[in-house]
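Trainee: sequence and predicted model, in that order:
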4 protein chains.
Amino acid sequence: MIVVMKRDATEVHLDALVARLEGRGCRAHISKGEEHTIVGVIGDVRALDREQIERMAGVERTMSVLRPFKLAGRAFQPEDTVVDVNGVKIGGDCVVVMAGPCAVESRKQVLETAHAVKEAGARILRGGAFKPRSSPYSFQGLGEEGLKILAEAREQTGLPIVTEVMDPQLVPLVATYTDILQIGARSMQNYALLHAVGEIHKPVLLKRGMMSTIEELLMAAEYILSHDNEDVLLCERGIRTFEPYTRNTLDLSAVPLLQQLSHLPVIVDPSHGTGKWELVAPLSRAAVAAGADGLIIEVHPRPEEALSDGAQSLKPKRFAELMHTIDPIAAAIGKSL
Amino acid sequence: MIVVMKRDATEVHLDALVARLEGRGCRAHISKGEEHTIVGVIGDVRALDREQIERMAGVERTMSVLRPFKLAGRAFQPEDTVVDVNGVKIGGDCVVVMAGPCAVESRKQVLETAHAVKEAGARILRGGAFKPRSSPYSFQGLGEEGLKILAEAREQTGLPIVTEVMDPQLVPLVATYTDILQIGARSMQNYALLHAVGEIHKPVLLKRGMMSTIEELLMAAEYILSHDNEDVLLCERGIRTFEPYTRNTLDLSAVPLLQQLSHLPVIVDPSHGTGKWELVAPLSRAAVAAGADGLIIEVHPRPEEALSDGAQSLKPKRFAELMHTIDPIAAAIGKSL
Amino acid sequence: MIVVMKRDATEVHLDALVARLEGRGCRAHISKGEEHTIVGVIGDVRALDREQIERMAGVERTMSVLRPFKLAGRAFQPEDTVVDVNGVKIGGDCVVVMAGPCAVESRKQVLETAHAVKEAGARILRGGAFKPRSSPYSFQGLGEEGLKILAEAREQTGLPIVTEVMDPQLVPLVATYTDILQIGARSMQNYALLHAVGEIHKPVLLKRGMMSTIEELLMAAEYILSHDNEDVLLCERGIRTFEPYTRNTLDLSAVPLLQQLSHLPVIVDPSHGTGKWELVAPLSRAAVAAGADGLIIEVHPRPEEALSDGAQSLKPKRFAELMHTIDPIAAAIGKSL
Amino acid sequence: MIVVMKRDATEVHLDALVARLEGRGCRAHISKGEEHTIVGVIGDVRALDREQIERMAGVERTMSVLRPFKLAGRAFQPEDTVVDVNGVKIGGDCVVVMAGPCAVESRKQVLETAHAVKEAGARILRGGAFKPRSSPYSFQGLGEEGLKILAEAREQTGLPIVTEVMDPQLVPLVATYTDILQIGARSMQNYALLHAVGEIHKPVLLKRGMMSTIEELLMAAEYILSHDNEDVLLCERGIRTFEPYTRNTLDLSAVPLLQQLSHLPVIVDPSHGTGKWELVAPLSRAAVAAGADGLIIEVHPRPEEALSDGAQSLKPKRFAELMHTIDPIAAAIGKSL
């Protein structure tokens, strides 16, 4: 941490700061510049509270040097994490495609979709049984009934499943059915939930909040990792900006950036990331070209009847076509589906 | 709802749309323009799913005419809601000031602050026992121990208390101690939590998410109201923008706008809304001038030792000075402290 | 400036950096921490290019300690700048209200408005003769004809006038008519234009770009000041965010923040800042309570016939009512209209 | 256009609205819903001013049905525009790469870079002679001297050149040297400049403002097209968001979206779009996979000595490597370099 003193800070202020820092086991390195004195803090800075320091007399502001995440960072673990989901390896040389309906609506819908996406090359089945909806009057999901349908689809197809959990109390229940626990964008900073999934031995797909920074995403991963669950998949799903023509702005720079900062695999969700089915195919291709370790795509047999997010769902036929065009792009960067 | 047809939409497309609308109990009103045909949908549009309609052949897009909130809206209840918190009335002619430390750190700290803010004119005591922190390594709050300290402060001062609850499971516990349940910004779309506080008969202070629109805030209130808890206080606490000099951008336009759209009282949090104690006083005055029904302000006896958010806390002396300057502004718009 | 070295930076990298810094007349102050070595740069850092330094081998990133503005800053000039516009002093104890139509449409409209706003207490007349419009098919303003109308209104009422200039070539022409040259939000980083108004001896009202930071606004002011025009008025007029219910999000925190960082007067535009006439009155009151040195408000005798921005214009009667309610708020913070 | 009436609107209000609409040559189509009456406006809506209508008594709000751009839209010209720059065709089956230094610094630097990027496969040389810089103390470019250096590089390599023009007065001068006139992000709504380049018969590379929507970009193109210059290249170069780890957020969804809405070619600038050279290669590949018609990339022989934007420039060797990896991705979607 760097502390920038005010222009008019006195020796008394500086001494008080140094005493405070040393009291927390850190050392101070003082540089007197022409306009400002700057104090470099050496030692375990994570024990200090920046905001406390900023309220000390004579202090103008502080600047953080270290990234605040640790277990999620490359410095802690240089080599890539590869998450094994019932034999499907995520984070290696394959681009793993997860596909399925936004919401589980019926047994027929899920089974039909599951077979179709498997045939097209998807390796994991997605589907929501508990749905976060901004209106209390919208369809909220089938609940445990939906989980059972997903489990049956897994039995029939062999595809592992990923489904969202929103309530910490329901983590054990959802974990008995699913292979990957999904934390939705709205829950990225639901610390009780992060804590709960951190204590389960199942991989977690952690979606970036729609207005969360990359650093906050890694700090949310840190919560899970610090509860000893090492299998976290990071998911870029679009952020909120001023642009109204898309539902979100898919931030593909996050893919190489996350891979640089962290050892965790990075998945991209072009369906929520754009909100428009016409954009899903080009952005899927772009995500793979940017180096994503996987994609999560909404597929629905009859999107015009979907109970949620129909506008961003592909029909199975279009999904199969998309898979064909992803293949050579993965190959172009030395990966395969 | 308005449905805009594509330029090349055919009669078959139009007929299918009309059939769908009528199947859901709505009527269609067709206007054939020079470039587009537009369909006005009449009836209970809340039963329709816009995204489904948008995936129908020949449909270009839909536009919403009705606001999606109902119980929170002025159309449902034209007169202002006044929330009574142990005799303190919020939503009438008074500007109610809530003050206290960000986090409960010790008995001494809370009692000292409680007496000071009461003397300065605060009507409600704030303090966090469960703290949402972006780092798992930061102070997470004293938990139930903190709630007990707050309760003791209430006993000594007579000030009702407001404190945050983050975990749906803990709602009953927190509700036994507190007078107002606070839903923090990061939890605004935690639907399990909204559901839980909706079933308690205690007022709820609902903070706007840092990435949430005014409409989403009202929809979150709708969740609570639809579970039969009518005492919701809306709280503007700053939104996330591109500006780095402040922690958040306090959106004071939200105050008159929320009051126009909704009957619920509107509280402003200038401490989180700016993140800098030097800005708390001018923005508090601005919030009152904009018509806020209340303020929630962080006060700490020794901000430079605070375990969270020290940089945005006022010392008791400055808080008392602020209260003196708010008074004539409240008077200028026909209100009082 | 602070330079943070990479974890794996070597002595060779460090030596090269020090040599580079010394070559530009600066000194390096090295702190070896446990994880990173940090280099404090002492001397005239403004001569260094951060981006160059960031591309040097072994360098992770740089952090700026000094604010990049100089002439606009309080360190350069601690006392407030007071701008004198034909005897109207902006930046002192008065809140100066500028009012008038968005666009000059006709002689009748302007004269009628000018007399009305003068009577209500406005001190300066606003009106646009050259209009920046996002569509080439919209009304673009009356041009010089409009300037003549404004000049006639000044003659009749004695009110100085403020009007926008968009084209550097037209600065001399506009300056012969107007008392204050307005730089619109879209032109805040039009450097040719900033250069041109910097060379004219007339006050400049510089509007913050709708997506410009406070620092960028001060850097734009710096351009004008560095061309020897000292009379710059800063204007907060709302920034672009994700919130759709308002046209812009008025950032009132910018008022005290700009006053802390800079000696220049700060004006608030609640008309563009909200885009809705119903919000203009409460936000005008809030701006004054936050300490603004002035307001610029759109007034139109018949907003429903206005050729631009009718939705945010007040009728003269409402404007007069607003002026009455601002008065006691200005008094509450020790100012007057 | 749709007009939504207030709940309490009367027949008198409705009649006045209809009279107004008919007075402008439009017809009104009235749908009386349960909560609101809605008026569909038929005819040449572009002649109406939405804001005027919104200020009429009884009107709640208006909604736009038509996109406001015309000449830039697919409805006006369904087939793709192909821009011919001295024989280099942009907008067809090739991905055209433009490369070169951010700023022209010296004859040696430009010639060295020009030869290197040509050898690597670039088809157009970029370089700035007039630089928009946020600080008046930064390097502002070599001016006409820089244009002469670029022209010499063209002579030596045969590569057409693209360079920015910022001042409307300088358009004729810059046009005598350059093959493509670049309008920078900060100038996207500089209407005097758009007007000036609209009257020159040279292709224009129009960069999206960092705070501009896709619709505003198309409206800026509309300004140029409406002055009879048909050769406009749209350029996505990143938008401003809350994310601090990248300089801008590159919005790749804009590529297929612009291609859907408009017939104009779409270029991507991954250098400004990310601000970090390490991200340029993956985002270049992503842009091509998303369907971009071209890329514009910063290349500098010694980025650590660059006078501007060194941190986002590639060295020639890395650029050549990048070109090799783009090739198969272009091939994967049926294009070539």
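Mentor: Looks like it came in fine.
Trainee: going forward, measure contacts and count neighbours with C-alpha atoms only.
Mentor: Will do.
Trainee: around chain B, which positions in the stretch 51-200 of chain A sit nearby?
Mentor: With the criterion set to CA under 8 Å from any CA of the partner chain, the stretch 51-200 of chain A comes near chain B through A:51-56, A:68-69, A:132, A:134-137, A:166-169, A:186-187, A:189-192.
Trainee: try it again at 6 Å.
Mentor: Proximity of the stretch 51-200 of chain A to chain B, by CA under 6 Å from any CA of the partner chain, involves residues A:Glu51, A:Gln52, A:Arg55, A:Met56, A:Ser135, A:Pro136, A:Asp167, A:Ala192.
Trainee: now, the most widely separated pair of those residues?
Mentor: Across these, no pair lies farther apart than A:Met56 and A:Pro136, at 46.3 Å, counting by CA to CA.
Trainee: my read: A:Gly273 touches A:Arg247, true?
Mentor: No. Counting by CA atoms under 6 Å, A:Arg247 is not a contact partner of A:Gly273; they are 7.1 Å apart.
Trainee: nearest spatial neighbour of A:Lys148, skipping sequence neighbours?
Mentor: A:Tyr177 (7.2 Å; CA to CA, 6 or more residues apart in numbering or on different chains).
Trainee: could you measure from that neighbour over to A:Gly143?
Mentor: 12 Å (CA to CA, to the nearest Å).
Trainee: A:His300 too?
Mentor: Distance, A:His300 to A:Gly143, using CA to CA: 19 Å.
Trainee: more neighbours: those two, which one.
Mentor: A:His300 (30 against 14; other CA atoms under 10 Å in any protein chain shown).
Trainee: show me what contacts the more buried one?
Mentor: A:Pro101, A:Ser313, A:Lys315 (CA atoms under 6 Å, 6 or more residues apart in numbering or on different chains).
Trainee: the first one contacts A:Gly128, doesn't it?
Mentor: Just to be clear, that refers to A:Pro101. No. Taking contacts as CA under 6 Å, A:Pro101 lies outside contact range of A:Gly128: 7.5 Å.
Trainee: pLDDT below threshold where in the stretch 1-150 of chain A?
Mentor: A:46-47 (pLDDT under 70).
Trainee: what segments of it are strands?
Mentor: Secondary structure of the stretch 1-150 of chain A (DSSP state E, counting those that start in this stretch): strands at A:2-5, A:27-32, A:37-42, A:59-63, A:83-85, A:88-90, A:96-100, A:124-126.
Trainee: tell me which of these lies nearest to chain C.
Mentor: strand A:37-42 (5.1 Å; CA to the nearest CA).
Trainee: ok, and the most crowded of the contacts of A:His300?
Mentor: Within these, A:Ser313 tops the neighbour count with 31 neighbours, counted by other CA under 10 Å.
Trainee: mind listing what's buried in the longest helix along chain A?
Mentor: For chain A, the longest helix by residue count, based on DSSP state H, is helix A:316-332. Within helix A:316-332, the residues that count as buried by 16 or more other CA atoms under 10 Å in any protein chain shown are A:316, A:319-320, A:322-323, A:325-332.
Trainee: convert that helix to CSV, retaining C-alpha atoms only.
Mentor: Output of helix A:316-332 as CSV, limited to C-alpha atoms (Å, rounded to 0.1, in the frame of the first residue of the first chain):
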residue,chain,number,x,y,z
PRO,A,316,-31.7,-26.9,-31.6
LYS,A,317,-31.1,-26.7,-35.3
ARG,A,318,-29.3,-23.3,-35.1
PHE,A,319,-27.4,-24.6,-32.1
ALA,A,320,-26.1,-27.5,-34.2
GLU,A,321,-25.1,-25.2,-37.0
LEU,A,322,-23.3,-23.0,-34.5
MET,A,323,-21.3,-25.9,-33.1
HIS,A,324,-20.1,-26.6,-36.7
THR,A,325,-18.7,-23.2,-37.0
ILE,A,326,-17.0,-23.1,-33.6
ASP,A,327,-15.0,-26.2,-34.3
PRO,A,328,-12.5,-24.6,-36.9
ILE,A,329,-12.1,-21.6,-34.7
ALA,A,330,-11.2,-23.7,-31.7
ALA,A,331,-8.8,-25.5,-34.0
ALA,A,332,-7.3,-22.2,-35.2
